[in-house]
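Student: sequence below, structure please.
(one chain, ligands or ions: 2)
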Amino acid sequence: MSNPKPSTVSNFIHDRIESDLNENKNDGQVVTRFPPEPNGYLHIGHAKSICLNFGTALKYDGKCHLRFDDTNPSKEETEYVESIMEDVRWLGFDWGDDLFYASNYFDKLYEYAEDLIKQGKAYVCDLSGDEIREYRGTLKEPGKESPYRARSIEENLDLFRRMKAGEFANGERVLRAKIDMKSGNIIMRDPVMYRIQKAEHHRTGSKWCIYPMYDFTHCLSDSIEGITHSLCTLEFENNRPLYDWFLDELQTECHPQQIEFARLNLNYTVMSKRKLLELVKNNHVNGWDDPRMPTISGLRRRGYTPESIRDFCERIGVAKADNTVDIALLEHCLREDLNKIAYRVMAVLKPVKVIIDNYPDGKTEDLTAENNPEDETAGTRTLKFSKEILIEQEDFTEDPPKKYFRLSPGNEVRLKHAYIIKCESVEKDDNDNIIQIHCSYDETSKSGGATADRKVKGTLHWVSAAHCAEAEVRLYSHLFTKENPESGDEDYKNFLNRESLEILTGCKVEQSLAGVKPGLNFQFLRQGYFCSDPDSTNENPVFNRAVSLRDTWAKIQKKGS
Ligand code: ATP
Ligand code: MG
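Tutor: Numbers count the residues shown, from 1 in each chain. Ligands and ions are numbered 1, 2, ... in the order given. I've put the predicted structure just below:
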């Protein structure tokens, strides 16, 4: 596995950083962070942010922190923290000693809040959640000031301390910043800073019953950590004035520069943790790491490599405008990587038996097969050949259409790494189903033989019936039937693809795949790239098809050029 390399393509964020470096801002330091909220598993959108943040640090010889923005005790769990760390590491990035939790700053944040109260810039408000929303106004109408806005500093301090001491019930009071109820930016209309939430936190336990809001926590956590450039997605553009307000009013030593970029959207999937959680909870998929999920763990199980995901993130680049990326590009990046590294093997997904009548009974031969024609160092392996072999049902037809180069009565094909065979007859049951196909073989057509380079139009993959292992193969298609399942008024779940998973049992794979370890990538000749699944046992290896061989992205590119 290769390590991430500094990006060679530039973008507006790097331009900005370079101009800061030229002015020797932040003493020439670059410190970024990836700040997930541990309320779900990471998805491919997060991978974009991870590659950007860690990649930027790599490029400018800086540092990138991993920080858990864990301000919401009711939705966060240790399971998510662990999965996030695993996924970032798997992508190839290293935060070194710089692992942080916003919850580590709860004491400091509380002090900041009291500081704002003492400055007369924050107040305790008794309006209910609904009332606060009502008072907030709309884009067209200004908000109304809360009747509690004029409370004295002393009263605010007293009430806030009593909130902290647990004297009030959930939702009874909040702490709000005193900014401007008439601001054109609704976020600036006295946003809530603290709420009462009597809930155990995954790290601080029952120490707190008030928790800081994300907006208050996020910018101050960045500042406490000395982040120089806070890279975030576009929807936080409107929050920037609020972040600046907190940092300016508190006169923090460090004032990170926020820069927004467009989030990644992919077609035929959804990308919000809330929706992904819903798919998991309601059993629309088999867990967060279901190979159909756009989660990092799902992609990993499907057979994606860290290299292919990093390559994808590099190619999509970083822009200022939202757009949707074609999932075919992601698949293309995987094919490119696996083409270089995956061993070619033979697997017959829907087998039918072929008997080679003129091949000696009981004979077996060792044939040599190259592991990867793209990689000279990959070497060869031995394949067993015998009188009875299995081929793909769809590689035979009794009445071939024009240009059918597979097997049909009287027609010849080459068996990969082996001989040329010719179909002589077909054996059927009473219901006209094919039981087996009888062939003859050309003994001289074997590699190294007299007619080894005799050309026939078709080459088929196969396995020897007595020298293969049985396997389960899982084929996937898009999780949603609609390109953008989130557009329109209908519930995105109505567009779930009921045929996104097809399970094939009784597949036959070459012997070398018996007892395979999970997480290995192969190319099944003519069938695509497959990855051994953790469900595999010695008796029943299981393979996920990561992608087929048909590169729709390359096709689109060709058409376009
Ligand atoms: P979601 O909307 O999926 O729930 P989120 O933004 O709430 O995601 P966080 O845990 O807050 O999830 O995200 C951590 C970081 O990843 C943030 O800096 C966020 O901007 C970034 N991020 C999240 N989704 C995407 C995406 N689709 N494309 C790029 N970056 C993303
Ligand atoms: Mg978020």
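
Student: the nearest residue to residue 228 once chain neighbours are set aside: neighbouring residues, count only.
Tutor: Once flanking residues are discounted, residue 228 sits nearest to residue 26: 4.3 Å by CB to CB, 6 or more residues apart in numbering. For every residue, glycine as well, the C-beta is placed using N, CA and C. Using other CB atoms under 10 Å, residue 26 is surrounded by 19 other residues.

Student: just the pLDDT for residue 26.
Tutor: Here, the pLDDT recorded for residue 26 equals 95.

Student: repeat for residue 1
Tutor: 67.

Student: wait, residue 549 touches residue 335, no?
Tutor: Yes: shown here, residue 549 and residue 335 form a contact pair, counting by CB atoms under 8 Å, at 7.4 Å.

Student: chain center to stretch 66-80, what's the gap?
Tutor: Centroid displacement of stretch 66-80 relative to its chain, using CA atoms, centre = their mean, to the nearest Å, is 19 Å.

Student: put the alpha carbons of that stretch into CSV.
Tutor: The C-alpha trace of stretch 66-80 is given here as CSV (Å, rounded to 0.1, in the frame of the first residue of the first chain):
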residue,chain,number,x,y,z
LEU,A,66,-8.3,15.0,14.2
ARG,A,67,-10.9,16.6,16.4
PHE,A,68,-14.2,15.1,17.4
ASP,A,69,-16.8,17.9,17.6
ASP,A,70,-18.7,16.0,20.3
THR,A,71,-21.2,18.5,21.7
ASN,A,72,-24.3,16.5,21.4
PRO,A,73,-24.4,13.8,24.0
SER,A,74,-27.6,12.2,22.9
LYS,A,75,-26.5,11.3,19.4
GLU,A,76,-22.8,10.4,19.9
GLU,A,77,-21.2,7.1,20.6
THR,A,78,-17.8,5.6,21.2
GLU,A,79,-18.5,3.2,18.3
TYR,A,80,-18.5,6.1,15.9
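
Student: list the contacts of residue 7.
Tutor: Contacts for residue 7 (CB atoms under 8 Å, 6 or more residues apart in numbering) come out as 14, 55-56, 58-59, 314.

Student: distance from stretch 468-476 to the middle of the chain?
Tutor: Averaged C-alpha coordinates place stretch 468-476 at 24 Å from its chain's average position (CA atoms, centre = their mean).

Student: for stretch 400-417, that is, sorry about that
Tutor: Centroid separation for stretch 400-417 versus its chain: 40 Å, with CA atoms, centre = their mean.

Student: now the strands for the stretch 351-500 of the chain?
Tutor: Using DSSP state E, counting those that start in this stretch, the strands assigned to the stretch 351-500 of the chain run over residues 351-356, 364-370, 380-386, 388-392, 412-415, 420-428, 434-442, 459-460, 463-464, 468-476.

Student: what's the angle between the second one and strand 380-386?
Tutor: This points to strand 364-370. Interaxial angle of strand 364-370 relative to strand 380-386 (axes from the mean of the first three to the mean of the last three CA atoms, to 10 degrees): 150 degrees.

Student: where's the nearest residue to residue 172 once chain neighbours are set aside relative to residue 149, distance?
Tutor: In space, and not counting its chain neighbours, residue 172 is closest to residue 196: 6.4 Å by CB to CB, 6+ apart. Separation of residue 196 from residue 149 (CB to CB, to the nearest Å): 19 Å.

Student: got it, and residue 363?
Tutor: According to CB to CB, residue 363 and residue 149 sit 93 Å apart.

Student: tell me if I'm right that the residue nearest to residue 228 and residue 20 touch.
Tutor: Yes: Residue 26 is in contact with residue 20 according to CB under 8 Å; the separation is 6.8 Å.

Student: what touches both of the two?
Tutor: Residues within reach of residue 26 and of residue 20 at once, by CB under 8 Å, 6+ apart, are residue 228.

Student: now do the SS call for the closest residue to residue 552 other than its chain neighbours.
Tutor: Taking CB to CB, 6+ apart, and ignoring the residues beside it in sequence, residue 552 has residue 328 as its nearest neighbour in space, at 4.5 Å. The three-state assignment at residue 328 reads helix, by DSSP: H, G, I helix; E, B strand; the rest coil.

Student: what's the local residue count around residue 328?
Tutor: For residue 328, the tally of surrounding residues (other CB under 10 Å) stands at 20.

Student: equivalent analysis for residue 275, please.
Tutor: Neighbourhood size, residue 275 [other CB under 10 Å]: 16.

Student: report the contact partners of residue 391.
Tutor: Applying CB under 8 Å, 6+ apart, one finds that residue 391 lies in contact with 348, 351-352, 354, 407, 415, 437, 460-462.

Student: how about these in TSV, adding distance to ligand 1?
Tutor: Shown next, in TSV, are the contacts of residue 391 (distance: CB to the nearest ligand atom, whole Å):
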residue	distance to ligand 1
348	39
351	42
352	45
354	49
407	47
415	47
437	51
460	43
461	39
462	44
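
Student: quick one, what contacts the residue nearest to residue 475 when sequence neighbours are not counted?
Tutor: Take residue 475 and drop its neighbours on the chain: the residue closest to it by CB to CB, 6+ apart is residue 502, 4.4 Å away. With contact set as CB under 8 Å, 6+ apart, residue 502 has these partners: 474-477.

Student: any chance of the residues you listed in CSV, with pLDDT too?
Tutor: Below are the contacts of residue 502 laid out as CSV (pLDDT from 0 to 100):
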residue, pLDDT
474, 98
475, 98
476, 98
477, 97
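
Student: shouldn't residue 125 be in contact with residue 148?
Tutor: Yes: with contact defined as CB under 8 Å, residue 125 counts as touching residue 148 (4.7 Å).

Student: higher neighbour count, these two?
Tutor: Neighbour count, other CB under 10 Å: between residue 125 and residue 148, residue 125 has more, with 23 against 17.

Student: how close does that one get to residue 97?
Tutor: From residue 125 across to residue 97, the span is 40 Å (CB to CB).

Student: partners of the helix or strand hosting residue 531, with directions?
Tutor: Here residue 531, judged by DSSP states H and E, is contained in strand 528-532. When pairing is defined by DSSP bridges, strand 528-532 lines up against strand 521-524 (antiparallel), strand 542-547 (antiparallel).
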